[in-house]
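**Q** Here is a sequence with its predicted model. Questions after.
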Amino acid sequence: MEEKKKIQRVEDFIVYQKAMKLFDDFINEDIGILKEHFGARELARQQIRSLDSICANMEEGYGRKAGKELKQFFRISRGSANESKGRYVRCRKFLTQEVVDKRVAQLNEIHAMLHSLIGKLSD
């Protein structure tokens, strides 16, 4: 039987690890393509903010270690995941369909994990 790892820091949340990977993927793979197109530059600037917001709100919420506040910050992270997903769909003119599909799938997973986690957190 696998033993559950106790959460000692925000980096221990698998959803946080996935959000950080997505942020890194955007920086390393997507932003360069978007910055090449005049019409996509503003989308890239906004996308970096919303992807960062997923991670930043989990960090702030976990740092407060309070039930209701923690849940609220995780809800904000979930909203940022939705925002980022919509923006990736709007970037379909600049990124390949394969990239858009991959990123949307990553964001769907992050959203589902946050939704589940929020439901498990006590107030």
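**A** Arrived safely. From a predicted model like this one, the values you see are computed outputs, not experimental measurements.
**Q** all contacts plus neighbour counts: C-alpha atoms, from now on.
**A** OK.
**Q** so how many other residues sit close to Glu60?
**A** When counting by other CA atoms under 10 Å, one arrives at 15 neighbours for Glu60.
**Q** Would you mind measuring from it to Arg103?
**A** For Glu60, the distance to Arg103 equals 24 Å [CA to CA, to the nearest Å].
**Q** what does Ile48 give?
**A** For Ile48, the distance to Arg103 - CA to CA - is 13 Å.
**Q** Which of the two has more residues huddled nearby?
**A** Using other CA under 10 Å as the criterion, Ile48 and Arg103 rank with Arg103 on top: 20 against 15.
**Q** Figure out the helix or strand that Asn57 lives in.
**A** Using DSSP states H and E, Asn57 sits within helix 41-64.
**Q** and that helix, what other elements does it pack with?
**A** Applying 3 or more CA pairs under 8 Å, 6 or more residues apart in numbering; DSSP states H and E, we find helix 41-64 packed against helix 14-25, helix 31-35, helix 67-90.
**Q** which of those is buried the deepest?
**A** helix 67-90 (a mean of 20; mean count of other CA atoms under 10 Å).
**Q** helices or strands up against it?
**A** Helix 67-90 sits against helix 41-64, helix 97-120, with contacts defined as 3+ CA pairs under 8 Å, 6+ apart.
**Q** how about a markdown table for these, with distance to Gly32 and mean pLDDT added?
**A** Listed next are those as a markdown table, based on distance: least, CA to CA, whole Å; pLDDT from 0 to 100:
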| stretch | distance to Gly32 | mean pLDDT |
| --- | --- | --- |
| helix 41-64 | 9 | 96 |
| helix 97-120 | 13 | 97 |
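**Q** so can I have a markdown table of those helices showing distance to Arg90?
**A** Converted to a markdown table, those look like this (distance: least, CA to CA, whole Å):
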| stretch | distance to Arg90 |
| --- | --- |
| helix 41-64 | 8 |
| helix 97-120 | 9 |
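**Q** and among these, the most buried is which?
**A** helix 41-64 (a mean of 19).
**Q** could you check the angle helix 67-90 makes with that one?
**A** 160 degrees (axes from the mean of the first three to the mean of the last three CA atoms, to 10 degrees).
**Q** ok now helix 41-64, how far from the chain's centre?
**A** 7 Å (CA atoms, centre = their mean, to the nearest Å).
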